[in-house]
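Peer 1: With the input below, show me the fold.
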Amino acid sequence: MHQYSTVRRAALASTMAIMLGANLAYSTPATANDLGREILAKGDGWGSYGPGVTGGSAADSSHVFEVSTWQELRAALGGSNAQRETTPRIIYVKSTINAMAKEEGEGVYTCETLASQVIVSDSGKAFSMADFIEHFNPEGAWGMVTPSGPLEAARVAATKLQSQQIQQRFGSNVSLIGVGKDAHIIGAHLLAKEVSNVIVRNLRISDAYDCFPEWDPTDGSAGNWNSLYDNLSIMTTERAWIDHVTLDDGEHPRQSLPKVYGRLFQVHDGLLDVTHGSNYVTASYNIFDDHDKVNLIGSSDSRIDDRDKLKVTMHHNHWRNPGQRAPRVRFGQVDVFNNYAEILATKDFTSLWGVGIESAIYAEKNAIDLASGIPASKIIKRYVGKHIFTSDNLVNGTPTDLLEVYNASVSAADQLTDNVGWVPTLRLHVDEVSDVKAIVTSQAGAGIIDSTLP
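Peer 2: This is a model prediction of the structure:
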């Protein structure tokens with residue numbers, strides 16, 4: 001890890017210059033920029049409400065870092081005490097970083113090497129997921145009963161080891177910036193929890209792979225495997241801007257995962273989740289690539305403390321082959337505009353917009369392409385909620401009233417109204433829906449806004 005000895009201390013430009021700089025995010029810049037000093041423009045979504053999102057833009061020279069290893073990145077973020085850090089800091093990621101890497105020169109952990117460090121108490125053997133799967137097979141003697149006992153305790157212990165290795169928290173007032181076109185973090189669970197004022201830009205974040213997912217036979221009629229890690233989690237956090245980030249499953253796409261007990265062996269949770277009372281978030285120009293449960297906004301129907309929180313704007317994002325949750329919302333006022341979603345296969349798709357309890361999604365001027373055999377009525381799915389506003393959206397290039405199409409496909413008890421109770425005002429720039437697909441496919445994701453070091 002390298003700390004700069006000198007850092008540019010020039011004052012921020014005038015408000016007009018800041019606005020202009022932010023607008024450059026809507027087209028490919030002619031030259032590379034120091035993204036670490038950029039802030040979210042006034043008016044650019046819910047993140048800009050109040051004081052807005054400035055991240056670590058005010059960092060002094062002792063809190064500006066270049067990192068190229070997992071250990072360096074963790075130290076720059078503040079290590080195990082990161083969540084207590086409030087001093088502004090900028091962290092530039094220069095290369096590919098693997099969160100399963102050991103100390104420099106010592107190789108990487110695998111799921112097997114982590115499991116081998118845990119001894120099952122009754123057998124004295126090292127834990128393995130193969131033994132776990134054999135023991136708790138619902139078609140065997142164990143049946144459809146929640147796992148317990150020494151093997152389950154060992155799985156939990158192995159999970160703790162992996163969490164210690166791959167989970168890293170943010171502090172407040174942080175900008176995490178990819179340098180150039182190839183900055184990439186693999187295998188990490190990046191967690192902004194109980195902090196504020198966080199920026200993440202120009203990074204590819206891949207494959208928060210859970211080596212030891214939980215088997216829950218009570219989840220649904222046939223049980224499910226549930227993973228612990230998101231690529232990027234925003235929890236109990238106020239003011240965040242996630243921009244030009246590509247999030248995906250890396251070398252473990254969902255189509256490659258086996259079925260165990262007849263259910264998908266799910267080793268991923270969300271790509272970008274905003275939960276637990278987080279508020280004032282803008283997610284712009286990101287790619288969410290070929291993932292099942294993509295974006296969860298709001299953690300639980302019973303968490304009524306989330307009322308009047310979870311205010312999130314999602315614009316100019318590209319969902320490539322999402323399964324569901326793009327986004328799925330509870331409680332929040334969520335502005336979903338100028339995004340492009342393409343669904344490539346019927347077997348991989350459940351829905352886009354999940355209408356959860358007391359949610360208020362405002363979905364306008366989005367372009368959606370559906371594979372043959374998927375009706376437009378599947379774009380919306382009701383999860384207890386009552387309202388969603390949709391306007392001026394395209395489905396396969398055709399203007400479609402998505403609320404009307406949805407309501408025509410369900411019983412009266414499941415129909416929704418457009419009375420969401422609010423109208424978005426924090427929109428810096430709105431494109432015509434006919435232009436959205438071309439703009440998003442050419443401008444979203446990491447590597448588009450090339451960044452240099454100061």
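
Peer 1: and residue 44, what does it touch?
Peer 2: By CB atoms under 8 Å, 6 or more residues apart in numbering, residue 44 lies in contact with 22, 282, 284, 313, 426-428. No exception for glycine: its C-beta is placed from N, CA and C like everyone else's.

Peer 1: And residue 367, by the same measure?
Peer 2: Taking CB under 8 Å, 6+ apart, one finds 339-341, 393-394, 433, 436-437, 440 in contact with residue 367.

Peer 1: Now for the chain, the helix or strand with the poorest mean pLDDT.
Peer 2: helix 15-23 (a mean of 33; mean pLDDT, DSSP states H and E).

Peer 1: and the next element down the chain from that helix?
Peer 2: Using DSSP states H and E, the helix or strand that follows helix 15-23 towards the C-terminus is strand 64-67.

Peer 1: Residue 183 and residue 204 touch, don't they?
Peer 2: Yes - with contact defined as CB atoms under 8 Å, residue 183 reaches residue 204; the gap is 6.9 Å.

Peer 1: Can you check which residues contact both of those two?
Peer 2: residue 446.

Peer 1: Report pLDDT for the residue nearest to residue 211 when sequence neighbours are not counted.
Peer 2: Spatial nearest neighbour of residue 211, excluding adjacent residues (CB to CB, 6 or more residues apart in numbering): residue 111 at 3.5 Å. Residue 111 carries a pLDDT value of 97.

Peer 1: biggest helix in this protein, by residue count?
Peer 2: Assignment by DSSP state H gives helix 150-166 as the longest helix of the chain.

Peer 1: Just the residues contacting it, thanks.
Peer 2: 99-100, 109, 111, 114-115, 117-123, 127, 129, 131-132, 135-136, 147, 187-189, 208, 210-212, 214, 228-229.

Peer 1: which of the contacts of residue 44 lies closest to residue 93?
Peer 2: Closest to residue 93 out of the contacts of residue 44 is residue 284 (19.2 Å), distances taken as CB to CB.

Peer 1: Against residue 239, how distant is the closest one?
Peer 2: Using CB to CB, to the nearest Å, residue 284 is found at 14 Å from residue 239.

Peer 1: who's in contact with residue 242?
Peer 2: 199-201, 232, 234, 272, 281-284, 286.

Peer 1: Could I have the CA atoms of the helix or strand harbouring it written out in PDB?
Peer 2: Under the criterion of DSSP H and E, residue 242 resides in strand 238-243. Output of strand 238-243 as PDB, limited to C-alpha atoms (Å, rounded to 0.1, in the frame of the first residue of the first chain):
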ATOM      1  CA  GLU A 238     -26.900   7.100   5.100                       C
ATOM      2  CA  ARG A 239     -25.800   8.800   1.900                       C
ATOM      3  CA  ALA A 240     -24.000   6.500  -0.700                       C
ATOM      4  CA  TRP A 241     -23.300   6.800  -4.400                       C
ATOM      5  CA  ILE A 242     -22.500   3.600  -6.400                       C
ATOM      6  CA  ASP A 243     -21.600   4.600  -9.900                       C
END
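
Peer 1: What pairs with it, parallel or antiparallel?
Peer 2: strand 196-201 (parallel), strand 279-284 (parallel) (DSSP bridges).

Peer 1: got any ranges where this structure has weak pLDDT?
Peer 2: 1-32 (pLDDT under 70).

Peer 1: Let's check: the centremost residue of it is which one?
Peer 2: residue 272 (0.9 Å; CA atoms, centre = their mean).

Peer 1: Name the nearest residue to that one, sequence neighbours excluded.
Peer 2: That would be residue 232: by CB to CB, 6+ apart, it lies 5.0 Å from residue 272.

Peer 1: which residues touch that neighbour?
Peer 2: Here residue 232 is in contact with 190-192, 200, 205, 242, 245, 247, 271-273 (criterion: CB under 8 Å, 6+ apart).

Peer 1: ok, back up a step: identify the residues contacting the residue nearest to residue 211.
Peer 2: Taking CB under 8 Å, 6+ apart, we find residue 111 in contact with 129, 162, 209, 211-212.

Peer 1: check contacts around the closest residue to residue 223 other than its chain neighbours.
Peer 2: Residue nearest to residue 223 in three dimensions, not counting chain neighbours: residue 217, with 3.9 Å by CB to CB, 6+ apart. By CB under 8 Å, 6+ apart, the residues touching residue 217 are 138, 144-146, 223.

Peer 1: Turn the buried ones among those residues into a named PyMOL selection, would you?
Peer 2: Here is the PyMOL selection string for the buried members of the contacts of residue 217, based on 16 or more other CB atoms under 10 Å:
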select buried, resi 223
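
Peer 1: Pick out whichever of the contacts of residue 217 sits closest to residue 52.
Peer 2: Nearest member of the contacts of residue 217 to residue 52, counting by CB to CB, is residue 223, at 44.6 Å.

Peer 1: Now that that closest one has come up, it's in contact with residue 263, right?
Peer 2: Yes - at 6.0 Å, residue 223 and residue 263 qualify as touching, with contact defined as CB under 8 Å.

Peer 1: Which SSE is immediately downstream of the strand holding residue 242?
Peer 2: strand 246-248.

Peer 1: Which strands or helices does that next one pack on?
Peer 2: strand 204-206, strand 287-289 (3 or more CB pairs under 8 Å, 6 or more residues apart in numbering; DSSP states H and E).

Peer 1: What's the end-to-end length of stretch 447-454?
Peer 2: Its start and end residues considered, stretch 447-454 measures 17 Å (CA to CA, to the nearest Å).

Peer 1: in it, what's buried?
Peer 2: Those would be 447-451, for stretch 447-454 by 16+ other CB under 10 Å.

Peer 1: Adding secondary structure, write those out as CSV.
Peer 2: What follows is the buried residues of stretch 447-454, written out as CSV (DSSP: H, G, I helix; E, B strand; the rest coil):
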residue, secondary structure
447, coil
448, coil
449, coil
450, coil
451, strand
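
Peer 1: Pull the most distant pair out of those residues.
Peer 2: Farthest pair in the buried residues of stretch 447-454, by CB to CB: 448 and 451, 10.4 Å.

Peer 1: what do those two both touch?
Peer 2: Going by CB under 8 Å, 6+ apart, residues that sit against residue 448 and also against residue 451 are residue 202.

Peer 1: May I have stretch 122-134 exported as CSV, CA atoms only?
Peer 2: In CSV, the C-alpha atoms belonging to stretch 122-134 read as follows (Å, rounded to 0.1, in the frame of the first residue of the first chain):
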residue,chain,number,x,y,z
ASP,A,122,-17.9,-35.9,17.5
SER,A,123,-15.8,-37.5,14.8
GLY,A,124,-12.5,-35.7,15.2
LYS,A,125,-12.4,-35.3,11.4
ALA,A,126,-11.9,-32.1,9.4
PHE,A,127,-15.2,-30.6,8.3
SER,A,128,-16.3,-30.9,4.6
MET,A,129,-19.4,-29.8,2.8
ALA,A,130,-19.6,-33.2,1.2
ASP,A,131,-20.0,-34.9,4.6
PHE,A,132,-22.6,-32.2,5.5
ILE,A,133,-24.6,-32.8,2.4
GLU,A,134,-24.5,-36.6,2.9
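
Peer 1: Done for today, thanks.
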